[in-house]
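>>> sequence first, predicted model second:
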Amino acid sequence: MRVPLKQMLDLGRYMGRKKRAGEKYFPLVLMLEPLHACNLACIGCGRIVEYKDTIRDQMPLEDAVGAAAEADAPIVSICGGEPLMYKHIVPLTKRLIEEQKRHVMICTNAILVERFIKQVAASPYLSFNLHIDGMRETNDRILARDGHFDTVVRMIKLLKEKGYRVQTNSTVFRETDAEEVEELIKFLGGLGVDGMLVTPGYHYQVLTNDDLYLTKEEMPLKFQRVRKLADDYKIINTPIYLDYLVGERDLLCSPWTTVTRNPRGWKGPCYLITNGHYKSFAELHQATDWEYYRTKQDVRCRDCKLHSGFEGTVAMDFGKNLKDSWRMVRHYVA
């Protein structure tokens, strides 16, 4: 399966409970950024730009644990920055898994993985999401670190050997041609990764290097190749979202399904756009007109293809269309 069965069942039960209670705007995933510091300076990274004044700030452990309880999303993606640099990453991970029974995903560049797994055992609630943005030359140029590609490959092999669940996250930029995307997917498939997330790199609010990012006109050609490969490789993008990326259907956004908590507070309205940071999850909800962003009325939303908001829509709409639902089931049990 491309996603752990228990995670899918827990998510389904959670969504059913929320919908029966009459709730419409509830999170599926918490993006928990306990720090913004990183040991890389990737050329496409927006966090380095947006949080340069507070790049050394770290959340207290109790704030990080409390944020997961406050949002109550079944899935917590610990990201950053580089989350394995967070001084409390081991107790945070253990408490989210053991005390709260959250499904935890560590989104990392892989450099510090070996140190972390000496302290945190494999668990059905724990996954790694390793950053790899192309084959060796492309990846090491985008991540501005010679040898990074080889480090990721070595860590994939080590994690799989020790029984951890491993997926990869690859951003496709303008310079990455469709043939290289296919080569990367086949290469990662050969390493036995459990899932591959492939996302478009495009310009948004705080970024300045326009030459690096895909335009909406360039996106369909590259993702037609990804969609075709999804039949044979463990690409975890949903087929509905891939239809959206190739321009064959439109999707509304569900920004509330993926909420972000970082050292400044609850970031709103979404992972990419920052109108402000709020002291509590409830305050974020009260301050945000979700329907305004759902329907992409904000000019900053018009070219957005970020997987979190649109995959959130796909998840929320599961069961409404029989054909789409059957495609989803076949995709994830393959």
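Right, received. Where do you want to start?

>>> where exactly do the strands run in the chain?
For the chain, strands defined by DSSP state E occupy the ranges 29-32, 75-78, 103-108, 126-131, 165-172, 195-200, 258-262, 265-269, 274-278.

>>> can you list those strands in JSON lines and add mean neighbour count and mean pLDDT?
(Each C-beta comes from the backbone N, C-alpha and C, glycine too.) Output for the strands of the chain, formatted as JSON lines (neighbours: other Cβ atoms under 10 Å; pLDDT from 0 to 100):
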{"stretch": "strand 29-32", "mean neighbour count": "26", "mean pLDDT": "98"}
{"stretch": "strand 75-78", "mean neighbour count": "23", "mean pLDDT": "98"}
{"stretch": "strand 103-108", "mean neighbour count": "24", "mean pLDDT": "98"}
{"stretch": "strand 126-131", "mean neighbour count": "22", "mean pLDDT": "98"}
{"stretch": "strand 165-172", "mean neighbour count": "22", "mean pLDDT": "95"}
{"stretch": "strand 195-200", "mean neighbour count": "22", "mean pLDDT": "94"}
{"stretch": "strand 258-262", "mean neighbour count": "26", "mean pLDDT": "97"}
{"stretch": "strand 265-269", "mean neighbour count": "22", "mean pLDDT": "96"}
{"stretch": "strand 274-278", "mean neighbour count": "16", "mean pLDDT": "95"}
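
>>> so which of these gets nearest Glu137?
Nearest to Glu137 among the strands of the chain is strand 165-172; the distance by Cβ to Cβ comes to 14.6 Å.

>>> which secondary structure elements does the closest one contact?
Packing contacts for strand 165-172, counted by 3 or more Cβ pairs under 8 Å, 6 or more residues apart in numbering; DSSP states H and E, involve strand 126-131, helix 148-161, helix 178-191, strand 195-200, helix 219-229.

>>> could you dump the second one to PDB, C-alpha only?
Okay, so that is helix 148-161. Written as PDB, here are the backbone C-alpha positions of helix 148-161 (Å, rounded to 0.1, in the frame of the first residue of the first chain):
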ATOM      1  CA  HIS A 148      23.500  15.400  -0.700                       C
ATOM      2  CA  PHE A 149      22.000  13.000  -3.200                       C
ATOM      3  CA  ASP A 150      24.300  10.200  -2.100                       C
ATOM      4  CA  THR A 151      23.500  10.900   1.600                       C
ATOM      5  CA  VAL A 152      19.800  10.600   0.900                       C
ATOM      6  CA  VAL A 153      20.300   7.300  -1.000                       C
ATOM      7  CA  ARG A 154      22.400   5.900   1.800                       C
ATOM      8  CA  MET A 155      19.800   6.900   4.400                       C
ATOM      9  CA  ILE A 156      16.900   5.400   2.400                       C
ATOM     10  CA  LYS A 157      18.800   2.100   2.400                       C
ATOM     11  CA  LEU A 158      19.600   2.300   6.100                       C
ATOM     12  CA  LEU A 159      16.000   3.200   7.100                       C
ATOM     13  CA  LYS A 160      14.500   0.400   5.000                       C
ATOM     14  CA  GLU A 161      17.100  -2.100   6.400                       C
END
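
>>> that helix relative to strand 103-108, how many degrees between them?
Put simply, helix 148-161 runs at 150 degrees to strand 103-108, going by axes from the mean of the first three to the mean of the last three Cα atoms, to 10 degrees.

>>> do the same with the third one
Computed with the same axes, to 10 degrees, the direction of helix 178-191 lies at 120 degrees from that of strand 103-108.

>>> longest helix anywhere in the protein?
What stands out as the longest helix in the chain, according to DSSP state H, is helix 5-20.

>>> buried set for that one?
Residues 7, 10-11, 14-15, 18 are the ones in helix 5-20 that count as buried (16 or more other Cβ atoms under 10 Å).

>>> rebuild the residues you listed as a markdown table, extending it with pLDDT and distance to Trp290.
Output for the buried residues of helix 5-20, formatted as a markdown table (pLDDT from 0 to 100; distance: Cβ to Cβ, whole Å):
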| residue | pLDDT | distance to Trp290 |
| --- | --- | --- |
| Gln7 | 96 | 25 |
| Asp10 | 97 | 24 |
| Leu11 | 97 | 20 |
| Tyr14 | 98 | 19 |
| Met15 | 97 | 17 |
| Lys18 | 97 | 14 |
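
>>> between those residues, which is nearest Tyr233?
The closest of the buried residues of helix 5-20 to Tyr233 turns out to be Gln7 (Cβ to Cβ; 19.9 Å).
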